[in-house]
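Novice: here is the input, now give the coordinates:
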Amino acid sequence: MPHTSVLASNHPHSGRFSIPVSNPLTRAVWTIVIAITVVTEVMPIPLMPPLPFYSYVAVKLICFFALGYLAPLAFWRFNALNRGILLAAISATAVETLQGLLHHGHSFHWYELVVKLVVILLGFALALDARYEGKISLGVFHIWLKSDHLDS
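Specialist: Okay, here's the model as predicted:
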């Protein structure tokens, strides 16, 4: 049974911040990220000044990165780069094709598909490294990963 508390006394890094992974909560967060990503991609946006527009584009890039990053943390079987490539290819192609089918002033573009593939795959690869290390490292800050499927 996976750990559910954020700070677990039986964790080797007790007293440090840790999060459970490969559980229903992380899968739900991943599903929410997918929904947000699809909505931001297929809904038409009104014309806007450059700063809000580029902020919107940045949010979309973060969503695609999070889609790739959260997959190996949400699903313990996503433990190899080839599965990440498959996830990236299916996700990016589905979103880009959906855009082309809905015709909200946007059509299918190969260069956008490639960018989405690269961003998703980058997130996936970085998360695989975090799984291997058992922690997400942000400079001097570490968030320890807890799961029955990860080696502690």
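Novice: mind showing which ranges of this protein have poor pLDDT?
Specialist: For the chain, applying pLDDT under 70 flags the ranges 1-15, 103-107, 149-152.
Novice: where do the strands of it begin and end?
Specialist: Counting by DSSP state E, the chain has strands at residues 18-20, 135-138, 141-146.
Novice: neighbours of Gly134, how many?
Specialist: If you count neighbours by other CB atoms under 10 Å, Gly134 ends up with 18. (Glycine included, C-beta is placed from N, CA and C.)
Novice: hey, where'd the helices end up in the protein?
Specialist: According to DSSP state H, the chain carries its helices in the segments 24-42, 50-74, 81-102, 110-133.
Novice: columns distance to Val140 and mean neighbour count on top of these, output as TSV?
Specialist: Compiled in TSV, the helices of the chain are given as follows (distance: least, CB to CB, whole Å; neighbours: other CB atoms under 10 Å):
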stretch	distance to Val140	mean neighbour count
helix 24-42	24	16
helix 50-74	20	17
helix 81-102	27	16
helix 110-133	15	18
